[in-house]
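Trainee: Fold the following for me, if possible:
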Amino acid sequence: MDETEFRRLLDLFPVVRSRHYQAESESSRPLSLGTAEDEKELKEWQDAWDKGDQKETETEGGDRHDVFWTKLKLVAERKMGAAEAEKFCKAFQKAYKKLVYEELSLDAAQRFVNASK
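Mentor: Prediction:
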């Protein structure tokens, strides 16, 4: 999957947080969704995550990392079909692994972990 195709598929998903998200400043503000279509899409995402959470509790000792990828695949299948979702998830995992394990410095990772506490 080339970068343009990956970007096109990634654009099917709504932005959950801005690139400059800061938990302290945005957590006190109420969420404004905008259009009814945005609210419907948010509801679909929440339902998909809830289904994934139910599966997680059914499988005791399930690895949270695996649960994330399962949830991502479930939502992607609803958005673009099984075959496209499989390609998208593989490309997303490849980009994730490259960023986290090859390009992200230990200091940056530590700052990210500390910022989420």
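Trainee: Buried residues in stretch 84-92, which are they?
Mentor: Residues of stretch 84-92 classed as buried by neighbour count (16 or more other C-beta atoms under 10 Å): 84, 85, 87, 88, 89, 91, 92. All C-beta spots, glycine's among them, are computed from the backbone N, C-alpha and C.
Trainee: chain center to it: distance?
Mentor: Here the centre of stretch 84-92 is set off from its chain's centre by 13 Å, with C-alpha atoms, centre = their mean, to the nearest Å.
Trainee: for stretch 1-14, same thing?
Mentor: Here the centre of stretch 1-14 is set off from its chain's centre by 13 Å, with C-alpha atoms, centre = their mean.
Trainee: and that stretch, what's its mean pLDDT?
Mentor: Averaging pLDDT along stretch 1-14 yields 82.
Trainee: dump the residue contacts of the residue nearest the centre of the chain.
Mentor: Compute the mean C-alpha point of the chain, and by C-alpha atoms, centre = their mean the closest residue is residue 72, 6.4 Å away. Under the criterion of C-beta atoms under 8 Å, 6 or more residues apart in numbering, the neighbours of residue 72 are 89, 92.
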